[in-house]
Every structure is written in structure tokens, then in C-alpha cells.
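Asks: My questions are about this predicted structure, shown below with the sequence.
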Amino acid sequence: MTDRALDLLVIGAGPGGYVAAIRAAQLGFRTAVVDEHPAAGGVCLRVGCIPSKALLESSQRLVAARSELAAHGGVAGEIGLDLPAMMMRKDRVVTTLTRGVSSLLKKNGIEHIQGRARLGGVDGELREIVVTASDGEQTVQARNVIVATGSRPATLPDVELDGDRIGTSTEALAYDAVPERLVVIGAGYIGLELGAVWNRLGSDVIVLEYLDRILPGADAEIAAAAEKIFRRQGLDIRLGCRVLDAKVTSDGKACVVEVEGTEAIECDRVLVAVGRQPISDDLGLEEAAVGVDDSGIIQVDERFATSVPGIFAIGDVIGGPQLAHKAEEEGMACVEGIAGRYVHIDYDAIPGVVYTEPEVASVGKTEEQLKEAGTPYRKGTFPFRAIGRARATGSLEGFVKILAHAETDAVLGVHILGSHAGDLIAEAVAAISFGASAEDLFRTSHAHPTLAEAIKEAALAVHGRAVHM
Ligand code: FAD
Ligand code: NAD
């Protein structure tokens, strides 16, 4: 493609890669992105964040129409499900957004090369990257390379994925019928979000979790409260379950999941949601002497530089929280670093959101982390049921929990279980980013009536002076 070398080639057009490419183009770098998929946007847009949120929204609207409309005075007949229409809407949302990313790349003068990339040789200061596509192979030369190849679903040794009935999130985003009984392995982000979708659409959903709690890594008090609500909604969550194997029966009619110490479970489909692993194989990293750990995570320093000058890595492939916005921050910071600018990411200010209903959102330290570190803290909580807006909307479940340093009052962690928690957490992210105190939060005016008033009240509660409780 090139008659002269690129300043930057990004491998992977996911949220890490395409944002890095756009920032590079803004800084005047001659940039290209290579991705093996024709659609830009990576896992997030194609088979991750976006399609899952589209289905979560559609399925929740169905639940609301069936079980909440009457209380609001709405009168409707029986509300059925048109699954193909729901899936078509989800696909349209995905296509609109992937096309949007393609046009952003084009607008910024970034070439989008389709093909599978592999690091090749070195030519002076230039790195060669071999791109293989269905119509042949080409070699691209670039001064800098960012590896943003993301991750793929992990599986268990004796679970035979068949790409259909025993599958991962990718299959569960596109089932062609509602499974009568769905077994989900893993009560993390994917298990709970996609478990919720199919539970709302009518499946009996059994969630098998190895640990004695859901959402490992989340604040334990929030996770326990969320678990109670999800159980009430119909998820059959079974904790402390070690899955031994899962396979389709020989007659092909069902799946069987073997769990240590209990009877085997028969079901129509199995969703394996036990984490994701970095994509760092078959990239020529070893030959190029790029450091990769035993689990495939590319090793980088605080500027996202690998062990080889000119090769950088960002996003899911370097470990840490596997979140789209974390990949984006890294993409932006990495390019600014290549341009000689200041690089800093505060990983304590990266929020996490589980888009169930209610949502689970958090930023900063959990109470368990503060206890373990021996950090003195004060805690303020406030329930949404005491908030006027929550009464008006009917979304009463959940609470806000703020953890602040006992001496400095600095906000160290905010954890929210509630409707729109994923939007509400933005205020807490800003507070932590700017080193705000709980007092700063409660001295900030919050519009009435809004759900955000629960944050103000929880900040007041840190000082033992909540008003509406
Ligand atoms: P990716 O998005 O994985 O993109 C990597 C790209 O690299 C891919 O397009 C791949 O085709 C390409 N690639 C790989 N190897 C090569 C190669 N050799 N040559 C060329 N191209 C290559 N995160 C959130 O923050 N919020 C959410 O709501 C959310 N929901 C999710 C739901 C699901 C079901 C899943 C699976 C994930 C979800 N995530 C969510 C996680 C999020 O998708 C990832 O953290 C994010 O996509 C990582 O971005 P990335 O740029 O590192 O890589
Ligand atoms: P996860 O790490 O969130 O959860 C995996 C769960 O599986 C854990 O609870 C773990 O204890 C459990 N587990 C592991 N081995 C098991 C076994 N043998 N038997 C039973 N349970 C077992 O991983 P995920 O849900 O697969 O999601 C992958 C990643 O994708 C997430 O870590 C997250 O970063 C990202 N994601 C984010 C969002 C979001 O931001 N809303 C949504 C989906 C996915």
C-alpha cells in the first residue's frame, strides 16, 4: 500500500486501536490501522459492549412493558416477543456504529487495511509488518507499531465449545430462539449481563459460579445486595460450583454440565463466561523479542513501550481491567507518549459498570481493599428508596456507598447499585480524578429531583449528617 513508511501502524481497530490511530492522525502522524475484520470497532462494537447493551435495553423494555406499565396506568394487551426483530435492531445498532468508526478513520486520513498482521523484520529504523488477506500478502513499514489485538473468550479444559450450543458471549448475543434452560458458567460481567437478557426473555437461567460470591473484584457489600436482587429477578445463582465438564449429548438433543459434588445439569445451551485471554499468539512477538508473560499478556512500561523500541501495546492484550474505556485511555496516552508528551493514567479512576437492572457501578477502592491496606476510612451509604426521583420513576432498589479517607476526607471509592448507576458514577470518577473530598461532593449542588442526590446524601452520610434519612 505505501510508497513511504508510516509513522504509526496500529494492529487492531478496537476501542484501543482506533482511538490511538485518531489521536495519532490529530498529531500529524502518517497512520494506518490493520484489522482482520472488515468492520471497525473491535470486539466492543461487533460482539461486546454494544450488542450486549442493545439486547439488555430491548429485553428490559419488554420486562417493563409486561410488569411495570400497568402501575403507571398503561393498558396493553398481551406483550409477546419477536426475537428476530430484537436481533435485527441489535445488528442495526452495531452496523451503524462500526460504519461510524470507519468514517471517523477516513475523515482523519487513516488507512484501514483489512488482513491479519504479523510482525516481520527490521529495516533500519523501520519495522516491517506482514499483512495477510484473502487477496494476498503485503508488507507495511512503520516507524512505530501499537499492538491492540484485544482478547478472546477463555474456556475451561473439559468444556467442549461447539460454537453453537456450548458457546461464548458471541453465540449468546445471537441465539435464534429463547433457550428453555440456559446454564451460564461464571457470575462475572458477561454471565450476569447475558444471563439477565435471556432470563428476561423467558429462559430458566442457572448461573454456576466457582467462588462463594458474584462479581469478584466488586465491593462485597454491593455485590451481595446485587446478588439478592438478581435472585429475586429469577436468576438461579449457584455459588461454590466447580464445573467439571460440559458437552452436547450423543443424540445432540441437549447439553450436560457436570458440576463437582452435585447432579449433572441438563440444559439447551451453555454460555461459558469465565473471563477473556489476551490475543498475543501468532503475531511474531517472540521472534521480535517482545516480552510476553505466561498468560499471554504483553509486558509494557508506564508509556506502553514493550521490551522492543518502537513497539507498543495497549488495551486488553496488556492485562488490567478488560474494559473499552480503559483501552481508549491507553490508546490516547500511548500516542501522546510516542509524540514526546506527558503520559499518565490513574487506574484508580477507571470506572467499571455492569449493565444489569439495577446497574452496578464502581470506581476506586473497595472496602475490602482499604481494610487490607490498613487505610483508615469512613463510609457513607444512602438508599435510592429515600430519593424523590427514585420514588417517581419506581426504581427504588440499591444504594450509593462512598468510602473516604478518615483523616483527609479524600474520596477513595464509590460504589453504586441502582438504576442508571453507570451514568451516575461519572461524578465520582471526576471526584477521584480531581482529588475531591466527601465534603466537596456534598457542598456541590445536585439538581432536584435527580438520582444523583443519592451521591450527595451518601457524602453527607460520610460525615454522619445525611438529611433525608
Ligand atoms: P478489541 O476490541 O478486542 O479489538 C482488537 C481487534 O484486533 C479486533 O478487532 C481483532 O479482530 C483485531 N486483531 C486481533 N489480532 C489481529 C491480528 N493479528 N491482525 C489484525 N487484527 C487483529 N467493556 C466495556 O468497557 N463496557 C462494556 O459494556 C463491555 N461489554 C462487553 C460485553 C461483551 C460480551 C464482551 C465480550 C466484552 C465487553 N467489554 C466491555 C470489554 C471490551 O469489549 C474490551 O475491553 C475492549 O473491546 C478491548 O478493546 P481492545 O481495543 O483492547 O481490543
Ligand atoms: P469475569 O472475569 O467478569 O467473570 C468470570 C467469572 O467466572 C468469575 O466470577 C469467575 O470466578 C468465574 N469462573 C472462573 N472459572 C470458573 C469455573 N471453572 N467455574 C465457574 N465459574 C468460574 O469474565 P467475563 O464475565 O467472562 O467477562 C470477561 C471480561 O469482559 C470482563 O472481565 C470484563 O472486563 C469484560 N466485560 C465487561 C463488561 C462491562 O463493562 N459491562 C461486560 C462484559 C464483559
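Replies: Alright, I've got the coordinates. Ligands and ions are numbered 1, 2, ... in the order given.

Asks: any low-confidence regions in the stretch 151-300 of the chain?
Replies: For the stretch 151-300 of the chain, not a single residue meets the criterion pLDDT under 70.

Asks: Now do the contacts for the spatially closest residue to His448 that is not a sequence neighbour.
Replies: Computed as C-beta to C-beta, 6 or more residues apart in numbering, the closest residue to His448 that is not its neighbour in sequence is Gly388, at 7.0 Å. From N, CA and C alone the C-beta is placed, and that goes for glycine too. Applying C-beta atoms under 8 Å, 6 or more residues apart in numbering to Gly388 gives the contacts His448, Pro449, Glu453.

Asks: Including pLDDT and neighbour count, could those residues go into TSV?
Replies: Shown next, in TSV, are the contacts of Gly388 (pLDDT from 0 to 100; neighbours: other C-beta atoms under 10 Å):
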residue	pLDDT	neighbour count
His448	98	11
Pro449	98	14
Glu453	98	22
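
Asks: Any part of the host helix or strand of Ala25 near ligand 2?
Replies: Secondary-structure element containing Ala25, defined by DSSP states H and E: helix 15-26. No. Judged by C-beta under 6 Å from any ligand atom, helix 15-26 stays clear of ligand 2, getting no closer than 11.4 Å.

Asks: Can you name the element that comes right after that helix?
Replies: Next helix or strand after helix 15-26 toward the C-terminus (DSSP H and E): strand 31-35.

Asks: quick one: strands adjacent to that next one?
Replies: strand 6-11 (parallel), strand 111-114 (parallel) (DSSP bridges).

Asks: picking up where we left off before, using JSON lines, please lay out the contacts of Gly388 together with distance to Leu201.
Replies: Shown next, in JSON lines, are those (distance: C-beta to C-beta, whole Å):
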{"residue": "His448", "distance to Leu201": "37"}
{"residue": "Pro449", "distance to Leu201": "32"}
{"residue": "Glu453", "distance to Leu201": "34"}
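
Asks: and which of those residues is nearest to Ala226?
Replies: Lowest distance from Ala226 to those (C-beta to C-beta) belongs to Glu453, with 21.3 Å.

Asks: Next one: Glu78, what pLDDT does it get?
Replies: According to the prediction, Glu78 has pLDDT 94.

Asks: Equivalent analysis for Ala421, please.
Replies: pLDDT at Ala421 comes out at 98.

Asks: ok, so what distance separates whichever residue of the stretch 251-400 of the chain sits closest to ligand 1 from Gly17?
Replies: Per C-beta to the nearest ligand atom, the residue of the stretch 251-400 of the chain with the smallest distance to ligand 1 is Gly315, at 2.2 Å. Here Gly315 is placed at a distance of 7 Å from Gly17 (C-beta to C-beta, to the nearest Å).

Asks: For those two, indicate the residue with more neighbours.
Replies: Neighbours were counted for Gly315 and for Gly17 using other C-beta atoms under 10 Å; Gly315 has more, 37 against 28.

Asks: Assess the claim that the more buried one and Glu330 are in contact.
Replies: Yes. Gly315 is in contact with Glu330 according to C-beta atoms under 8 Å; the separation is 6.1 Å.

Asks: Quickly list what's touching both of those two.
Replies: Residues touching both Gly315 and Glu330 comprise Gly16, with contact defined as C-beta under 8 Å, 6+ apart.

Asks: quick revisit: can you put the strands paired with strand 31-35 in TSV and add distance to His420 and mean pLDDT?
Replies: Compiled in TSV, those are given as follows (distance: least, C-beta to C-beta, whole Å; pLDDT from 0 to 100):
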stretch	distance to His420	mean pLDDT
strand 6-11	34	98
strand 111-114	35	97
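
Asks: Ligand 2 is nearest to which of these?
Replies: Smallest distance to ligand 2 across the strands paired with strand 31-35 (C-beta to the nearest ligand atom): 20.2 Å, for strand 6-11.
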